[in-house]
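A.B. asks: Give me a model of this one.
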Amino acid sequence: MTPEEKIKICALCQNRKMSLQKGIVCGLTDEKPQFEEACESYLVDEKEVAIEKERLEDEEHEIGENTAPAPEDGALPGAGWFKTIAILSILNIALYFIGVSFIFGLASTQLLQAASDIRLINPIVGVFGMIAIPAFFYLTWWLTAKKGYKLCYNVGYAIYALDTVLLVLLMMQSGDKSLLIPELIFHAIALLIGFNIFKVNSRSSQSNSFSNSTHKLLYLLAAGVAALISVASLTAFTENQELSEDNIEAYIEICNENLPQDLGDGVTQTKMYLDGKCIVYECEIEGTGNLMLDEYSLFLAEANGKAEILSSLPQNYQTDEDIRMLVDFMLEYEYSIKYVYKAAPLYKNGASKDLYSITITPADLRLYLK
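C.D. replies: Okay, the predicted model is just below:
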């Protein structure tokens with residue numbers, strides 16, 4: 001037992017005595033305490049014990065008022081935002097699989113959805129990326145809410161800021177910005193609130209740090225993967241959204257998934273395929289199966305149809321992003337388009353009969369787009 005510990009015991013004894021030279025001494029011996037484990041002459045001073053107990057309680061209360069609760073007792077401010085982001089993104093993914101559009105989510109997951117739709121990336125890879133990013137934000141919520149790790153809040157905020165940058169770049173690439181504006185507003189509000197919370201957290205002493213360096217490294221690795229997936233999603237979408245000879249077959253395959261399509265006036269587009277350097281659209285015309293059309297009538301239909309397509313081309317090229325993409329591909333790679341019109345069969349599963357065809361060549365396009 002140390003001398004200081006012996007003095008504390010003597011201070012609560014009725015036999016204590018105060019000496020100007022020595023401080024607290026034993027009133028029986030006028031000496032400093034000499035006992036080792038216990039004093040045989042010790043008599044507890046109940047009044048002094050009560051005073052000491054009250055003093056200690058006052059100190060504990062003062063410490064409690066001036067000390068923030070430990071992170072384990074509550075979340076860091078703003079931790080709930082990461083959970084909201086993760087839930088909205090998971091909802092976006094779920095609605096995507098049932099064919100419903102939802103604007104409030106992460107730009108990176110929506111880029112992955114678009115890239116998967118047009119086969120710019122393997123759909124399995126796309127699904128992995130869609131799930132991995134909201135999973136990272138959910139992990140960040142858990143580490144900030146349950147563990148109080150300030151590092152995780154800062155990293156999560158940085159990844160969300162990166163997603164906002166991706167959204168801005170996507171808007172610059174997109175023709176129709178109407179669906180992206182509400183999402184950008186949501187991102188901006190979330191970033192503003194998150195930045196204010198970031199400043200509060202920076203001034204606060206409330207935080208915890210990773211006790212295991214391996215866990216810290218794994219979290220930072222997960223953050224790096226989330227950032228890499230986000231950037232890669234934009235790169236895949238922006239670099240490959242234009243048609244090329246490398247992805248034209250995938251483009252045709254996607255178009256066929258949406259066929260047959262009613263074009264109006266009894267015309268139905270039924271098939272699309274590639275014939276050499278010619279993109280062929282097969283269409284059926286209702287009510288012509290039992291008609292005997294002469295060659296002159298078919299010639300007029302072909303000439304009038306081609307004139308109608310080409311006359312509307314300049315305006316459609318300016319207003320329709322899909323048409324502009326297809327025309328640019330045709331001009332760059334010297335591809336033609338051929339519309340094959342057939343008489344719709346008179347009965348189910350019957351054979352259709354060829355009527356006429358219209359071919360649009362790159363030379364036709366250059367003539368009308370001058």
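A.B. asks: for stretch 126-138, which positions count as buried?
C.D. replies: 126-127, 129-130, 132-134, 136-138 (16 or more other C-beta atoms under 10 Å). The C-beta positions use only the backbone N, C-alpha and C, and glycine is treated the same way.
A.B. asks: need those residues in JSON lines with distance to residue 27, pLDDT and secondary structure, can you?
C.D. replies: Shown next, in JSON lines, are the buried residues of stretch 126-138 (distance: C-beta to C-beta, whole Å; pLDDT from 0 to 100; DSSP: H, G, I helix; E, B strand; the rest coil):
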{"residue": "126", "distance to residue 27": "86", "pLDDT": "79", "secondary structure": "helix"}
{"residue": "127", "distance to residue 27": "83", "pLDDT": "84", "secondary structure": "helix"}
{"residue": "129", "distance to residue 27": "80", "pLDDT": "85", "secondary structure": "helix"}
{"residue": "130", "distance to residue 27": "81", "pLDDT": "86", "secondary structure": "helix"}
{"residue": "132", "distance to residue 27": "75", "pLDDT": "91", "secondary structure": "helix"}
{"residue": "133", "distance to residue 27": "75", "pLDDT": "90", "secondary structure": "helix"}
{"residue": "134", "distance to residue 27": "73", "pLDDT": "90", "secondary structure": "helix"}
{"residue": "136", "distance to residue 27": "70", "pLDDT": "94", "secondary structure": "helix"}
{"residue": "137", "distance to residue 27": "69", "pLDDT": "92", "secondary structure": "helix"}
{"residue": "138", "distance to residue 27": "68", "pLDDT": "92", "secondary structure": "helix"}
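A.B. asks: what's the closest of those residues to residue 163?
C.D. replies: Closest approach between the buried residues of stretch 126-138 and residue 163, by C-beta to C-beta: residue 133, at 8.2 Å.
A.B. asks: which residues does that closest one contact?
C.D. replies: Counting by C-beta atoms under 8 Å, 6 or more residues apart in numbering, residue 133 makes contact with 89, 106, 108-109, 226, 229-230.
A.B. asks: make it 10 Å
C.D. replies: Going by C-beta atoms under 10 Å, 6 or more residues apart in numbering, residue 133 touches 85-86, 89, 93, 105-106, 108-109, 112, 159, 163, 225-227, 229-230, 233.
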